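Trainee: Mind looking at a prediction? Sequence and model below.
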Amino acid sequence: MIKILVVMVGLLWQPVAVAQLVGRIEATSQGVGVGTVFVTSEEGNVGFSVVKFENDFSGVGVGLESPLFYTIHNTTDNRLIIAPRVSFEHHKNFLPMSLGGRASILYYTNFGEGILTLRPELGLTLRSNIYLFYGYHFTFDKSHLIPRVHQLTLGFTLVGGH
């Protein structure tokens, strides 16, 4: 009986994993992006952040990016280009200003043609609420749909809930 009680108390003292769904808005060197990330992090919310990620966290995200109204070089008209995105990200929170990274698969399309790209990103994060990433697009084919292969992203976490 005492052994069972000790095991139960020990389990209660373990960090509890909490699933969070957070919104993101981003301004990039190519345009804008919006998305959401499904995050699992440890509970233990001490700190100054709006969405309290005191410990490292990883998450799977989906989003949509657009280089706004990028002019395709072969034509004279502006066409809207969008890029649905699936990503995995990790933030290492060991100081208020810490490191973060993301790997994204994007499909840039103007609804007439499209290209699949892989974009790893690395940068600084302020307790996972504000982040500045540098990314590079690896394409499987040369395309005029991607304005630049280098990208800077300034992102903000909007909401979070348990």
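Mentor: On my side now, so go ahead.

Trainee: switch to C-alpha atoms for all contacts and neighbour counts from now on
Mentor: Will do.

Trainee: so what's residue 104 up against?
Mentor: By Cα atoms under 8 Å, 6 or more residues apart in numbering, residue 104 lies in contact with 85-88, 118-120.

Trainee: For it, which non-adjacent residue is spatially closest?
Mentor: residue 87 (4.1 Å; Cα to Cα, 6 or more residues apart in numbering).

Trainee: how far away is residue 140 from residue 35?
Mentor: Counting by Cα to Cα, to the nearest Å, the gap from residue 140 to residue 35 is 24 Å.

Trainee: So between those two, which is more surrounded?
Mentor: Between residue 140 and residue 35, residue 35 has the larger neighbour count (other Cα atoms under 10 Å), namely 18 against 10.

Trainee: sec struct for the more buried one, please.
Mentor: Classification of residue 35 by DSSP: H, G, I helix; E, B strand; the rest coil places it in strand.

Trainee: One more: residue 95?
Mentor: Going by three-state DSSP: residue 95 is coil.

Trainee: burial count for it?
Mentor: When neighbours are counted by other Cα under 10 Å, residue 95 comes out with 11.

Trainee: circling back: is the residue nearest to residue 104 bridged to anything, and to what?
Mentor: Residue 87 forms beta bridges with residue 61, residue 104, as assigned by DSSP bridges.

Trainee: Model confidence score at it, please.
Mentor: Listed pLDDT for residue 87 reads 95.

Trainee: hang on, it packs against residue 107?
Mentor: No: using Cα atoms under 8 Å, residue 87 is not in contact with residue 107; the gap is 11.9 Å.

Trainee: What is the helix or strand where residue 153 lies packed up against?
Mentor: Using DSSP states H and E, residue 153 falls within strand 150-157. Here strand 150-157 touches strand 17-28, strand 130-136, going by 3 or more Cα pairs under 8 Å, 6 or more residues apart in numbering; DSSP states H and E.
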